[in-house]
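Asker: build the 3D model from these lines:
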Amino acid sequence: MLDCQRDLFDLPRSISYLDAAYMSPIPKISLQAGIAGTAVKASPWKMSIGSYYDEVEDARTLAASMINADADDIAIVAATSYGTAVAAANVPVEPGSTIILMENEHPSHRYVWYELAEKKGASITIAKRPADNDWTSAIISTIGSSSVPVAVVAGTMVHWFEGISVDLEAIASAAREVGACVVVDGTQWVGALPFDVKTVRPDFLVFATYKFLLGPYRLAFLYADRRWHSTGKPLEHHSWNRVGGDKSDFYAVDVAEFLPGARRFDMGERSDFAVLPVATASLRLLSEWSVPTVFSRLDYLNQLIWDEAAKLDLTVSDNRFRAPHIAIVDLGDRPIEGLSEHLKSQGIFATVRGKKLRISPHVYNDEEDVKRLFAAIA
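Answerer: Below is the predicted model:
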């Protein structure tokens, strides 16, 4: 099993940061890469056309490896919301059809579908939160029981706050059976859970870098199935996603063809010299460890969390459905006013929402962090 990697982060022993599902710290090496990248803009006369392409393709290839995709399948975008907007601009939605969402879906994977449904004369169908936490059956049942054609199933492999796993392969299969497109938000699990996009085959999968990919804020990657590589419409039009954009006479062609694959969906100014190097350095680290190895570490830490919660008679999700890398602890009727401040005062960080505590460790955490948290709760 991978050892604790705290030494690679600027994370003092007095801090127990257990909130990767909110935002992870970046490794020291990634910080240095960002500083060096920012310095590029201080001396623009040293730049070459390679400055706009080399780092981009490295990042694209590394991001693809996180989900067993090919570099041609990956676009570089600004955020999860940007990726879902690309998907919404492309998936066919006919009048009278419906788009299926999970109840309490994250806004970045929710708002755009309501707008699209209104624009197309379609409807939104909500798969209600199941009492037994079996989201997979609930979503498949919602697909199968729809009285109107299902145009899109907007899903994920882990509910963003409930911490419940979803069998995305089964849901994608059910969606394809009724001719629906599948659009996935992977921000809460890509980099933490092994995943094979070639098995699930969604139409689009977007994942931001600032959580389990240990990357910067304001950057995400968009996987696009090959059916969209030749017909997909981007949100932006610029030279960097066009053939010949690296040539000095790029302006000579009125409308150049798109670059191959998902590159047509790349955002403008994708070569962010301060941001992209941070992501690339972190992705290299994750690639060296491998996603299955990181997963084993997180699974081990979360098992410790559930064991400690049980000692305090705190409620955790059913073992059959809970996510292996995020622990949701139900505090029940216990008084929780001031709990977040109480934890922070002791250098402990996790997310408190309502009666639930979301705990999300990463490779920089160890057993002491877990024990400190539950000692503070007790």
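Asker: isn't residue 289 up against residue 2?
Answerer: Yes: counting by Cβ atoms under 8 Å, residue 289 does reach residue 2; the two are 5.9 Å apart. Where C-beta positions appear, they are placed from N, C-alpha and C, glycine not excepted.
Asker: find the residues that touch each one of these two.
Answerer: Taking Cβ atoms under 8 Å, 6 or more residues apart in numbering as the contact rule, residue 289 and residue 2 both touch residue 363.
Asker: which residues touch residue 186?
Answerer: 67, 156, 157, 195, 205, 206, 207 are the contacts of residue 186 under Cβ under 8 Å, 6+ apart.
Asker: oops, could you answer that again for residue 143 instead?
Answerer: The contact partners of residue 143, taken as Cβ under 8 Å, 6+ apart, are 100, 150, 153, 171, 174, 175, 178, 180.
Asker: buried subset of the residues you listed as a ChimeraX selection?
Answerer: Those of those that count as buried under 16 or more other Cβ atoms under 10 Å are selected in ChimeraX with:
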select :100,150,153,171,174,175,180
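Asker: turn the contacts of residue 143 into JSON lines, columns for secondary structure.
Answerer: Shown next, in JSON lines, are these (DSSP: H, G, I helix; E, B strand; the rest coil):
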{"residue": "100", "secondary structure": "strand"}
{"residue": "150", "secondary structure": "strand"}
{"residue": "153", "secondary structure": "strand"}
{"residue": "171", "secondary structure": "helix"}
{"residue": "174", "secondary structure": "helix"}
{"residue": "175", "secondary structure": "helix"}
{"residue": "178", "secondary structure": "coil"}
{"residue": "180", "secondary structure": "coil"}
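Asker: closest to residue 76 out of the contacts of residue 143?
Answerer: Nearest to residue 76 out of these is residue 153 (Cβ to Cβ; 25.2 Å).
Asker: beta-bridge partners for that closest one, please?
Answerer: Applying DSSP bridges to residue 153 yields these beta-bridge partners: residue 100, residue 182.
Asker: what separation do you get for it and residue 179?
Answerer: According to Cβ to Cβ, to the nearest Å, residue 153 and residue 179 sit 11 Å apart.
Asker: also residue 92?
Answerer: Counting by Cβ to Cβ, the gap from residue 92 to residue 179 is 10 Å.
Asker: cool, residue 61 as well?
Answerer: As judged by Cβ to Cβ, residue 61 and residue 179 stand 33 Å apart.
Asker: and those two? which has more neighbours close in?
Answerer: When residue 61 and residue 179 are compared on other Cβ atoms under 10 Å, the one with more neighbours turns out to be residue 61, at 17 against 11.
Asker: what about the more buried one, helix or strand, and which?
Answerer: Using DSSP states H and E, residue 61 maps to helix 54-65.
Asker: could you give the mean pLDDT of the helix or strand just after that helix?
Answerer: Sequence order places strand 74-77 as the next helix or strand after helix 54-65, per DSSP H and E. Strand 74-77 carries an average pLDDT of 98.
Asker: residues in contact with the helix or strand following strand 74-77: which ones?
Answerer: Sequence-wise, the next helix or strand downstream of strand 74-77 (DSSP H and E) is helix 80-88. Contact with helix 80-88 is made by 75, 77, 106-109, 111-113, 115-116, 154, 181, 183, 185, 187, 203-204, 206-208, 220-222, 224, 232, 234-235, 265, 267, as judged by Cβ under 8 Å, 6+ apart.
Asker: no further questions, thank you.
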